[in-house]
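Q: Turn this into a structure:
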Amino acid sequence: MPRSFCIPGIIFLFCAFVLMFIVSVSLPFLTAMDITRVHFTGNPTISAATTSLSQTRFGIWAYCYETTKNSNTICDKTGHAYSLVFSSKDSSVTIGSSWTRGLAVHPVATGVIFVALLLSLSSHITVTLLASIVSFLAALITLIAFAIDIALFAFVKHEMKKLTGVSSSTNTAPGFWLTFVSFILLLLAGCTVCFGRRRDRMSGATSYPMSQKPGIFGRFRRNRNVV
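A: The predicted structure follows:
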C-alpha cells in the first residue's frame, strides 16, 4: 500500500483502539469513563446506599455514586449486567440488567479494532483488503455499542423523571462521546485502507511494460532487411 495512505489508516485505527480500550475499562476502574451521569437535587437513595445521593454514574461493569454527606466516589463491584433501584419518598424506579447487559459490546468492538490494526501493518495487498473489511466490521460493532449507549441514556433520563420530590439532570458522559469518536475514526480508517489498496492495485497495473505491435511500415522495413 502507498505510504501516504498506509500511515493515516494505521493512525486512525490506533487512536480508535486506544479510545475504545479506555472506554472498555470503564467503571469501577476508571471512574471518569462512564456512559451516563445523573446529578440529583432532592436527595434520593439507591439500594446500595442508605444516605442520599448527589450523583450516579453508569459504567460498563459497575455503577458509582456520590453521597451528599461527602464528595467521595463510591463504586459497587457488581460486574456485567448490573441493576440499580432508586427510591424517593413514595416512588421508586429500577434500571434493570437488560439495559446494562449490552454495554459489553464495547470490549468486543475493541478486540475487533485490534485485529484490524494488526492487519493494517501488513504491506500485502490481500491482507490490506482484509484490514479494510475488518475496519468496517469494527465500525459496525462500535455503532451498535453507541446505539446501546443512546438507549441507556434515554431510558435513564426517562425513568429519573418518575421520582417524586427529586430534581435530576441526566447527561451523556465521556465514555459516550469517546465511543462516537471511535466510530468516526474507524470509518476514516476503513476508507483510507480501501482507497490505498485501490491506488496500489492501479499503480501495479500500469507498471507493466506495454508491448507494441509493429505497424505496416515496421513490417515493411523488417522484410526489406531480411532481403
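
Q: what residues does stretch 149-161 touch?
A: 35-36, 38, 58, 86, 93-95, 99-100, 102-103, 166, 168, 170, 172, 175-176, 179 (CB atoms under 8 Å, 6 or more residues apart in numbering). In short, each C-beta sits where N, CA and C put it, glycine included.

Q: Enumerate the positions of it that are buried.
A: Within stretch 149-161, the residues scored as buried using 16 or more other CB atoms under 10 Å are 149-150, 152-153, 155-157, 159-160.

Q: hang on, the earlier thing: mark which of the contacts of stretch 149-161 are part of helices, please.
A: 175-176, 179 (DSSP state H).

Q: helices or strands up against the helix or strand that contains residue 12?
A: Here residue 12 sits within helix 3-25, counting by DSSP states H and E. Contact partners of helix 3-25 among helices and strands, from 3 or more CB pairs under 8 Å, 6 or more residues apart in numbering; DSSP states H and E: helix 105-120, helix 125-160, helix 174-205.

Q: about what we covered before: a markdown table for the buried residues of stretch 149-161, including pLDDT?
A: A markdown table is the format used below for the buried residues of stretch 149-161 (pLDDT from 0 to 100):
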| residue | pLDDT |
| --- | --- |
| 149 | 96 |
| 150 | 97 |
| 152 | 96 |
| 153 | 96 |
| 155 | 96 |
| 156 | 94 |
| 157 | 93 |
| 159 | 91 |
| 160 | 90 |
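
Q: residues in contact with residue 175?
A: 23, 26, 33-35, 59-60, 149.

Q: and which of those is nearest to residue 126?
A: Using CB to CB, residue 23 is the member of the contacts of residue 175 that lies nearest residue 126, at 31.5 Å.

Q: how many neighbours does the closest one have?
A: Neighbourhood size, residue 23 [other CB atoms under 10 Å]: 30.

Q: do residue 63 as well
A: When neighbours are counted by other CB under 10 Å, residue 63 comes out with 23.

Q: Next, it: phi, psi?
A: Per-residue torsions, residue 63: phi -120, psi 150 (degrees, to the nearest 10).

Q: and if you look at residue 64?
A: phi -130, psi 160.

Q: Please apply the same query to residue 60.
A: When read as degrees, to the nearest 10, the backbone of residue 60 gives phi -80, psi -40.

Q: tell me which of the buried residues of stretch 149-161 is nearest to residue 70?
A: Of all the buried residues of stretch 149-161, residue 160 has the smallest distance to residue 70: 22.5 Å, by CB to CB.

Q: so what's the closest one closest to, chain neighbours aside?
A: In this structure, residue 160 finds its nearest non-sequential neighbour in residue 168, 4.1 Å apart by CB to CB, 6 or more residues apart in numbering.

Q: coming back round to it: of the contacts of residue 175, which one scores lowest on pLDDT?
A: Taking those together, the minimum pLDDT is found at residue 26 (90).

Q: Could you give the number of residues near that residue?
A: If you count neighbours by other CB under 10 Å, residue 26 ends up with 24.
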